[in-house]
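J.: Quick one, structure for this:
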Amino acid sequence: MEKEKLSELFQKHTGCIALAITELPSSGSNRRYFRITGENNLSLIGVCGTQPEENAAFIYMAKHFGEQGLPVPKVLIQSD
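T.: Numbers count the residues shown, from 1 in each chain. Modelled structure (predicted):
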């Protein structure tokens, strides 16, 4: 289910089909990370979390710290 949703989001954002979705090692949270690879070696990282409040905080902090010029992941697209 998670890989299907990530594939849909990848295609919606890039216009390319996801050719491979590989889960990356986790590190101390309930979030799961995936490398999504598409055509022309396009590669993005997808994140799936199980806690809506934690997901909202992650997105907020990434945006806030990015606006401050800090090197944080940029959220390109999110599901509902």
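J.: alpha carbons only for contacts and neighbour counts from here, please
T.: Will do.
J.: Do I have it right that residue 18 meets residue 11?
T.: Yes. The criterion here is CA atoms under 8 Å, and residue 18 meets it with residue 11 at 6.7 Å.
J.: Those two: who's more crowded?
T.: Between residue 18 and residue 11, counting by other CA atoms under 10 Å, residue 18 is the more crowded of the two (22 against 14).
J.: need the contact list for that one.
T.: By CA atoms under 8 Å, 6 or more residues apart in numbering, the contact list for residue 18 reads 7, 10, 11, 36, 37, 38, 39.
J.: and it, how far is that from residue 53?
T.: Noted for residue 18: a distance of 28 Å to residue 53, by CA to CA, to the nearest Å.
J.: can you check residue 33 too?
T.: For residue 33 relative to residue 53 (CA to CA), the value is 18 Å.
J.: hmm, back to that, and which of the contacts of residue 18 is nearest to residue 72?
T.: Nearest to residue 72 out of those is residue 36 (CA to CA; 18.7 Å).
J.: In contact with the residue lying closest to the closest one once chain neighbours are set aside: list those residues for me.
T.: In this structure, residue 36 finds its nearest non-sequential neighbour in residue 21, 4.5 Å apart by CA to CA, 6 or more residues apart in numbering. By CA under 8 Å, 6+ apart, residue 21 lies in contact with 3, 7, 34, 35, 36, 37.
J.: can you check residue 7 too?
T.: Contacts of residue 7 by CA under 8 Å, 6+ apart are 17, 18, 21, 36.
J.: Make a markdown table out of those and add pLDDT, secondary structure and distance to residue 27.
T.: Formatted as a markdown table, these follow (pLDDT from 0 to 100; DSSP: H, G, I helix; E, B strand; the rest coil; distance: CA to CA, whole Å):
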| residue | pLDDT | secondary structure | distance to residue 27 |
| --- | --- | --- | --- |
| 17 | 96 | coil | 28 |
| 18 | 97 | strand | 24 |
| 21 | 98 | strand | 18 |
| 36 | 98 | strand | 18 |
